[in-house]
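Trainee: Predicted model and sequence below, questions to follow.
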Amino acid sequence: MLQRTIRQLAIAFFCLVTSAANSFELTEIAPGVFVHQGQMALMTRDNAGDIANLGAIVGEEAIAVIDTGGSRAEGEAFLAALQQRSTKPIRYVVDTHVHPDHIFGNIAFKGTGAVFVGHKNLPRAMATRGPHYLSSFRETMGDLVDDVILVPPSLTVERETILDLGGRQIVLKAWRTAHSDADLTVLDRRSGTLFAGDLLFLRHVPIIDGSLLGFLAVVDELRAIEAVRVVPGHGPAVAPWPQALDAQKAYLDHLTRDLRADVARGATLAESVKTAGRGERPAWLLFDDYHARNATAGFAELEWEAP
Amino acid sequence: MSPWTASLPARKTPHESAPEGSRSGLLRLRLATVAALCLSAGVAMAQEPKIDPWPGLVTDIFHGRAITPHEGVVALDAPKRAEDAAIVPMTISLVEPALRAATLVIDENPMPMAAAFSFGEGAGVQKIETRVRVNSYTNVHVVGRTADGALHSVVKFVKASGGCSAPAIKDQDEAASNLGKMKYREFASENPALHEAQIMIRHPNNSGLQMDPITRAYIPAHYVDKVEVRQGDALIFSMEGGISLSEDPSFRFVYKPNGAKTIRVEAHDNEGGVFKGEWPIGGAS
């Protein structure tokens, strides 16, 4: 009886493990520009942390990778898929910010000889948040976290840095605190493709882990970037630019308006979080997973504005 | 648009790591399957506290004195789920008017004693709201002390939501540049015999638990450890706290005015920082 139960459990476990071995899809959205679209989900052992959009830009001489995924396993699958598409060396691995779904895969690229690049605040953000990420994601990722070693950038971007991939220049821009306090965008000048990282969410509700007001301001500044298409941090692999900013802007505006009104009338944080920005719910996926957190952080920020 | 697929590397399964039939292999397999079932069922079984730290905390914080679980003396309003684990509102209501002190304990936090409040005699504090960090799934206790010295407790279970809600500072540069700034607000009160006000203090409240992986040095703890709020010279409340309080500590409270013209606040941090503020009473916003 016990043997039989164990066997059944073992089969269940095996199915679970197999389902984690998802296929890794890499799509060429413009000549030499590749994107992997992450799932619209939270990071779990089941999806191996594969929830963020990842990218690669291939020049005449070398490749730049933009974000590496939410686990070493995903990073390894990304590297394998990329090596099938180009034999050129990976010269740069660019991290758009500190969140685990974008950087846990770094370790898979450590052996390629690539230079790791990030916002000037990224080393500090990795140092202060890294240990917490490694422990807290164990709850949902299980032993997949065992393989993750955080790799901080050795090249940091203070304002703007141009990297050359051989006949192909990419512009890295560091932003003030918005989605996080280490947001970096990558513009491929040749194809007019902007990798926005998590400064742009589509369909997946935006996440505010930096500053609500900063995020709003940066959305307006992003509009000035001359691009024809954008790869958001979460959502479809590619979208038209700059119209792709509109829905996110509406969300952030709506939330800010409601929170300001609540702060002005003296509502408590707990009260405000129950109602502020709720009207946006039908427009977004994962709203219930992130919206209340956004409202909480936004309230704590905006109440410093009040008289 | 040309899709490309490659497989994620297969995960090592437990029965590859030990000879089949061996006792240790069997044990490992069973543990792994149980863990897998917990995950697949989407149940947070493994996250429930395994050893209840509360008895030890009663010894450490309350010197082992008897504490009566009692709803009628003190009440705690805490969210069932911590939406932003770095900013979790906690509201303590003092049901018993003779209550002299209330201590907020977050059992599973690295520094469980979040805030110990003492109330001024005659200050009539009825309610106090603050915000804390919640590190994991945890019980939260409030222990109230009545004038006769007896201790009474209430408890709530709070789930800290995972994801990227690290109990960390959202904008580290801003936190450093605003250190010690204070803000005072007064709220319109329906009952003229009571006032409601809020004190906010800009402070990163660094935990000291974060290690820089490059230098292998801990980032020093830097937090507000004492706050005193007075109307005129009379104490409304004092607080001793630690790293479980949120960044930018906030206290919103209901008290009985004594006719004083100003509210005075003095806050201290563990590095010797002293922050003072004084505001006229009566400017409800």
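Mentor: That came in fine, so what should we check first?

Trainee: Which neighbouring elements make contact with the helix or strand harbouring A:Ala300?
Mentor: Secondary structure assigned from DSSP states H and E places A:Ala300 in helix A:287-302. Packing partners of helix A:287-302 (3 or more C-beta pairs under 8 Å, 6 or more residues apart in numbering or on different chains; DSSP states H and E): helix A:212-222, helix A:246-264, helix A:269-275. For every residue, glycine as well, the C-beta is placed using N, CA and C.

Trainee: quick one, what contacts residue 160?
Mentor: Assuming you mean chain A. A:Val171, A:Leu172, A:Lys173, A:Ala174 (C-beta atoms under 8 Å, 6 or more residues apart in numbering or on different chains).

Trainee: that's the other chain; I wanted chain B
Mentor: B:Ala160 neighbours (C-beta under 8 Å, 6+ apart): B:Arg81, B:Ala82, B:Ala85, B:Val88, B:Val134, B:Asn135, B:Ser136, B:Tyr137, B:Thr138.

Trainee: can you rerun that using 7 Å?
Mentor: B:Ala82, B:Ala85, B:Val134, B:Asn135, B:Ser136, B:Tyr137 (C-beta atoms under 7 Å, 6 or more residues apart in numbering or on different chains).

Trainee: how about the lengthiest strand in chain B as PDB, C-alpha atoms only?
Mentor: Secondary structure of chain B per DSSP state E: the longest strand is strand B:151-160. C-alpha atoms of strand B:151-160 as PDB (Å, rounded to 0.1, in the frame of the first residue of the first chain):
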ATOM      1  CA  LEU B 151      -0.800  41.900  30.500                       C
ATOM      2  CA  HIS B 152      -3.500  41.100  27.900                       C
ATOM      3  CA  SER B 153      -2.900  39.900  24.300                       C
ATOM      4  CA  VAL B 154      -4.600  39.700  21.000                       C
ATOM      5  CA  VAL B 155      -3.100  37.900  18.000                       C
ATOM      6  CA  LYS B 156      -3.600  38.000  14.200                       C
ATOM      7  CA  PHE B 157      -2.100  35.900  11.400                       C
ATOM      8  CA  VAL B 158      -0.600  37.900   8.500                       C
ATOM      9  CA  LYS B 159       0.500  36.400   5.200                       C
ATOM     10  CA  ALA B 160       3.400  38.300   3.600                       C
END
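
Trainee: State the distance from the most centrally placed residue in chain B to chain A.
Mentor: Nearest to the mean C-alpha position of chain B, by C-alpha atoms, centre = their mean, lies B:Val132 at 2.8 Å. According to C-beta to the nearest C-beta, to the nearest Å, B:Val132 and chain A sit 12 Å apart.

Trainee: again, but for B:Ile87
Mentor: Counting by C-beta to the nearest C-beta, the gap from B:Ile87 to chain A is 5 Å.

Trainee: Show me the strands in chain A, by range?
Mentor: Using DSSP E, strands in chain A cover A:23-25, A:27-30, A:33-36, A:54-58, A:63-66, A:90-94, A:115-119, A:155-157, A:160-164, A:169-174, A:184-188, A:193-201, A:229-234, A:239-240.

Trainee: Neighbours of A:Val220, how many?
Mentor: Wrong residue type there; residue A:220 is Asp, not Val. 10 (other C-beta atoms under 10 Å in any protein chain shown).

Trainee: before we move on, back to that, and the furthest pair within the contacts of B:Ala160?
Mentor: B:Ala85 and B:Tyr137 (10.6 Å; C-beta to C-beta).

Trainee: Between these two, which has more neighbouring residues?
Mentor: B:Ala85 (28 against 21).

Trainee: so the more buried one sits right up against B:Ser136, yeah?
Mentor: No: using C-beta atoms under 7 Å, B:Ala85 makes no contact with B:Ser136, being 8.7 Å away.

Trainee: All the helices of chain B, residue numbers only.
Mentor: Applying DSSP state H to chain B gives helices spanning B:23-40, B:54-62, B:172-177.

Trainee: Between the ones you listed, which has the poorest mean confidence score?
Mentor: If you rank the helices of chain B by mean pLDDT, helix B:23-40 sits at the bottom with a mean of 32.

Trainee: looking at chain A, which helix or strand is least sure?
Mentor: Between all helices and strands in chain A, the lowest mean by mean pLDDT, DSSP states H and E belongs to helix A:2-20, at a mean of 45.

Trainee: so where's the stretch 101-250 of chain B uncertain?
Mentor: Applying pLDDT under 70 to the stretch 101-250 of chain B flags the ranges B:161-168, B:208-219.

Trainee: ok, which stretches of it are strands?
Mentor: Under the criterion DSSP state E, counting those that start in this stretch, the stretch 101-250 of chain B contains strands at B:101-106, B:113-119, B:127-132, B:138-145, B:151-160, B:182-187, B:195-201, B:224-231, B:234-241, B:250-255.

Trainee: quick revisit: any chance of the helices and strands packed on helix A:287-302 in TSV with mean pLDDT and distance to chain B as columns?
Mentor: Putting the helices and strands packed on helix A:287-302 into TSV (pLDDT from 0 to 100; distance: least, C-beta to the nearest C-beta, whole Å) gives the following:
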stretch	mean pLDDT	distance to chain B
helix A:212-222	98	8
helix A:246-264	98	8
helix A:269-275	96	5
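
Trainee: Now render those helices as JSON lines, adding distance to B:Tyr184.
Mentor: Shown next, in JSON lines, are the helices and strands packed on helix A:287-302 (distance: least, C-beta to C-beta, whole Å):
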{"stretch": "helix A:212-222", "distance to B:Tyr184": "22"}
{"stretch": "helix A:246-264", "distance to B:Tyr184": "14"}
{"stretch": "helix A:269-275", "distance to B:Tyr184": "17"}
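
Trainee: And for residue 174, the neighbour number?
Mentor: Answering for chain A, as no chain was given. Look at A:Ala174: counted by other C-beta under 10 Å, it has 19 neighbours.

Trainee: The intended chain is chain B.
Mentor: Around B:Glu174 there are 19 residues (other C-beta under 10 Å).

Trainee: so what's it closest to, chain neighbours aside?
Mentor: A:Thr177 (6.9 Å; C-beta to C-beta, 6 or more residues apart in numbering or on different chains).

Trainee: That neighbour against B:Asp171, yeah?
Mentor: Yes: with contact defined as C-beta under 7 Å, A:Thr177 reaches B:Asp171; the gap is 4.3 Å.

Trainee: Spit out the residues that contact those two alike.
Mentor: A:Gly210, A:Ser211.

Trainee: residues touching A:Asp67, list them.
Mentor: A:Ala52, A:Leu54, A:Gly55, A:Asp95, A:Thr96, A:His102.

Trainee: right, and the pair among those with maximum separation?
Mentor: A:Gly55 and A:Asp95 (12.0 Å).
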